[in-house]
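*Asks:* sequence unknown, structure follows:
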């Protein structure tokens, strides 16, 4: 079961790459083929040289947005699927059929987390198309009040799911590939390409912040004077730099000739990246991480000579960084500048207002809480928060906000996955957090100091959503592995017992079932609730609305009752009755076989306060008349004929 579930997750991740690359890839329609080629190339090269394969797939983790800017003239979030495909190819080729290799005490939580995301995201994506195949290719029908088309929502869902899955597969593969017998190759094969890439990213960020803010940058970042490095995202760049600043100190502890120099230089570069990014959460993470790692350095330096040499390297790095920010005027808004804006004045009112702002974050916090309150068991579905948040904010709080995250990683996951879908990550966070308490370990390698940046990342995740970016996800799980491996948390050979695997599958099935039965999350029901237009499958003629075999519309409710009349005009309907299924707000009002030109009229009470209602129609077959009015948008397909109007009363009802 361990092997089967891991293969399921790997397959789902590959499907997510293909979906994100296909559904929303501006200017690069061949992106799915490029991703397929990257995956195959990664797999083939890894058979020859794992180090070469990792270098080619990990170097673009921090550099690919800038690479696409140079090659294409623009960047897009789906383009990162190329390096993720290459990394998945390497993982599949070197351990695709293996069982889960994460430590035994994590295995149940990691497997549950991964299987829930892997099995639920296709359902969420399919739901955004209203379970209708033609919408895979149709960008005209909006699924939210901000006019987001179904395929774009599908692409974002796949991207968010992929961010979960690539991280979980990555940390599992690290434990599989770099056990105690192969640990010595970990710095060369994994740390080296990522360290080189982040050094380049931070150097570019420093150049942007001190010389030319528009250099290799794009999106909104130059206009708001924030450096984005090579990631085209100031927040993601800032967090990557914040995680690597203390990590470079750990690199300096590796028993290598010039490790101490790399540690000092990397620390200065990474802090320059944090400074110029203007990312407040990154500044918090960097301060916490750097302080905690620095306090632990003395007990990892065995000789006085090592302490002096490394101390001088760090002092020189700090002096260079301070000299740079004091002597070269920054043209970017720095992280300190933006943090200073948040500091409250010395009054309880100001402190309360600041605390309220940090919790609510321009309305994104209350929106997440409302989503969770509406769907506490299964949430709104992985990746759906961005699609829903604008409509929720307008309806629940009467405010306009742009699509974004919940500004708190934990709150965001509860909104999207609910309590049932969050079981895996909640258990893992609890188990791993317990292991972050300072302690002396039997096996204390350089990675043992990395509880600092991990604690800093957790604190930053309470005030933002750095874990949304795949580059940050890869970095986070890298630190998790290195810390756990160097503090004695080793994968166990014993497999989980059958009851534990039954629990994994049972929770996953229950979650998918709960999500599938939440009919109010379908686009037409959201359109009715949030008051936006949503129609497909209808041809509206002057005095009749024709449906195809399936049709949905969400008309405004202008009175207390809906009068709905349905009939068929199939030439053979008297001989072969036509099956009609018509529902209003999910309840069947017509469910019978109809003969030709015999109308059926129903009256349906409009719910109190409803602005719109959902009318759905299905029929077992349609026909095409001999003549079609070419002056209209009539497709020529005839299923059901319908008329409706809103009236104040129904027959037999009191006025």
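*Replies:* Received it, and whenever you're ready, just let me know what you need. Small disclaimer: the values here were computed from a predicted structure and weren't measured.

*Asks:* which element is the residue most central in space within the chain on?
*Replies:* For the chain, the residue nearest the mean C-alpha position is residue 160 (2.4 Å; Cα atoms, centre = their mean). In this assignment (DSSP states H and E), residue 160 forms part of helix 150-177.

*Asks:* how far away from the center of its chain is that helix?
*Replies:* In this view, helix 150-177 has its centroid 8 Å away from the chain centroid, taken as Cα atoms, centre = their mean, to the nearest Å.

*Asks:* how about stretch 25-40?
*Replies:* Remark: stretch 25-40 is offset 20 Å from the chain centroid, using Cα atoms, centre = their mean.

*Asks:* centre of the chain versus the helix or strand where residue 308 lies, how much separation?
*Replies:* Using DSSP H and E, residue 308 falls within helix 304-327. Helix 304-327 has its average C-alpha position 38 Å from the chain's average C-alpha position, going by Cα atoms, centre = their mean.

*Asks:* and it, what's buried?
*Replies:* Buried residues in helix 304-327, counted by 16 or more other Cβ atoms under 10 Å: 306, 309, 310, 313, 314, 317, 320, 321, 324, 325. C-beta here means a position set from N, CA and C on the backbone, and glycine is covered the same way.

*Asks:* will you turn those residues into a markdown table that also has pLDDT?
*Replies:* Putting those into a markdown table (pLDDT from 0 to 100) gives the following:
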| residue | pLDDT |
| --- | --- |
| 306 | 73 |
| 309 | 76 |
| 310 | 78 |
| 313 | 79 |
| 314 | 82 |
| 317 | 81 |
| 320 | 79 |
| 321 | 80 |
| 324 | 74 |
| 325 | 77 |
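
*Asks:* coming back round to it: can you list contacts of the helix holding residue 308?
*Replies:* By Cβ atoms under 8 Å, 6 or more residues apart in numbering, the surrounding residues in contact with helix 304-327 are 206, 210, 249, 252-253, 260-261, 263-265, 267-268, 271-272, 275, 294, 297-298, 301, 334.

*Asks:* of the residues you listed, buried ones?
*Replies:* Among those, those classed as buried by 16+ other Cβ under 10 Å are 206, 210, 249, 252-253, 260-261, 263-265, 267-268, 271-272, 275, 297, 301, 334.

*Asks:* among the residues you listed, which ones are in helices?
*Replies:* For those, the ones inside helices are 206, 210, 249, 260-261, 263-265, 267-268, 271-272, 275, with DSSP state H as the criterion.

*Asks:* tell me the one of the buried residues of helix 304-327 nearest residue 89?
*Replies:* Of all the buried residues of helix 304-327, the one sitting nearest residue 89 is residue 317; the distance, using Cβ to Cβ, is 37.0 Å.

*Asks:* ok, that closest one to residue 179 distance?
*Replies:* Using Cβ to Cβ, to the nearest Å, one obtains 33 Å as the distance from residue 317 to residue 179.

*Asks:* for the nearest residue to residue 573 once chain neighbours are set aside, list each beta-bridge partner.
*Replies:* Distances taken as Cβ to Cβ, 6 or more residues apart in numbering put residue 596 closest to residue 573, at 3.8 Å, once the chain neighbours are dropped. For residue 596, the beta-bridge assignment (DSSP bridges) gives partners residue 568.

*Asks:* show me what contacts the closest residue to residue 153 other than its chain neighbours?
*Replies:* With Cβ to Cβ, 6+ apart as the criterion, residue 153 has its nearest non-adjacent residue at 4.2 Å, and that residue is residue 128. Taking Cβ under 8 Å, 6+ apart as the definition of contact, the neighbours of residue 128 are 143, 150, 153, 154, 157, 387, 523.

*Asks:* need the contact list for the third one.
*Replies:* Looking back up the chat, that one is residue 153. Under the criterion of Cβ under 8 Å, 6+ apart, the contact list for residue 153 reads 125, 128, 143, 144, 383, 384, 387.

*Asks:* please apply the same query to the second one.
*Replies:* Residue 150 makes contact with 128, 129, 130, 135, 138, 139, 141, 143, 523 under the criterion Cβ under 8 Å, 6+ apart.

*Asks:* ok, the last one next?
*Replies:* Contacts here follow Cβ under 8 Å, 6+ apart; on that basis residue 523 touches 127, 128, 130, 143, 150, 534.

*Asks:* mind pulling up the pLDDT for the third one?
*Replies:* On pLDDT, residue 130 comes in at 93.

*Asks:* how many other residues sit next to it?
*Replies:* 19 (other Cβ atoms under 10 Å).

*Asks:* which non-adjacent residue is nearest it?
*Replies:* Take residue 130 and drop its neighbours on the chain: the residue closest to it by Cβ to Cβ, 6+ apart is residue 523, 5.2 Å away.

*Asks:* so how far is residue 511 from the one you found?
*Replies:* In this structure, residue 523 and residue 511 are 21 Å apart, going by Cβ to Cβ.

*Asks:* ok, residue 53 next?
*Replies:* Residue 53 is 35 Å from residue 511, where distance means Cβ to Cβ.

*Asks:* same question for residue 125.
*Replies:* In this structure, residue 125 and residue 511 are separated by 16 Å, where distance is defined by Cβ to Cβ.

*Asks:* ditto for residue 431
*Replies:* Using Cβ to Cβ, residue 431 is found at 20 Å from residue 511.

*Asks:* which stretches of this structure form strands?
*Replies:* Under the criterion DSSP state E, the chain contains strands at 535-540, 545-553, 561-567, 578-584, 587-594, 600-605, 615-619, 641-647.

*Asks:* show me what contacts residue 520?
*Replies:* 526, 529.

*Asks:* low-confidence ranges, the chain, go.
*Replies:* Residues of the chain that meet the criterion pLDDT under 70 lie in 329, 438-443, 490-494, 627-635, 654-655.

*Asks:* how many neighbours does the residue nearest to residue 239 when sequence neighbours are not counted have?
*Replies:* Take residue 239 and drop its neighbours on the chain: the residue closest to it by Cβ to Cβ, 6+ apart is residue 466, 3.9 Å away. Per other Cβ under 10 Å, the neighbour tally for residue 466 reads 27.

*Asks:* residue 466 contacts residue 237, correct?
*Replies:* No. The pair formed by residue 466 and residue 237 falls short of the contact definition of Cβ atoms under 8 Å, at 10.4 Å.

*Asks:* nearest to residue 374, of the contacts of residue 523?
*Replies:* Of all these, the one sitting nearest residue 374 is residue 127; the distance, using Cβ to Cβ, is 15.6 Å.

*Asks:* and for that closest one, the neighbour number?
*Replies:* Other residues near residue 127 number 23, with proximity taken as other Cβ under 10 Å.

*Asks:* next: the one 5 residues further on.
*Replies:* Residues contacting residue 132 under the criterion other Cβ under 10 Å number 16.

*Asks:* contact partners for residue 623?
*Replies:* 570, 571, 637, 638.

*Asks:* now a ChimeraX select for only the buried ones of these.
*Replies:* Isolation of the buried members of those (16+ other Cβ under 10 Å) is achieved in ChimeraX through the command below:
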select :570,637,638
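
*Asks:* identify the farthest-apart pair in the contacts of residue 623.
*Replies:* 571 and 637 (14.3 Å).

*Asks:* if we ignore the residues flanking it in sequence, what's nearest residue 484?
*Replies:* Once flanking residues are discounted, residue 484 sits nearest to residue 103: 6.5 Å by Cβ to Cβ, 6+ apart.

*Asks:* surely the one you found meets residue 489?
*Replies:* Yes. At 5.0 Å, residue 103 and residue 489 qualify as touching, with contact defined as Cβ under 8 Å.

*Asks:* what's the closest of the contacts of residue 128 to residue 358?
*Replies:* Distance to residue 358 across those (Cβ to Cβ) is lowest for residue 387, with 24.9 Å.
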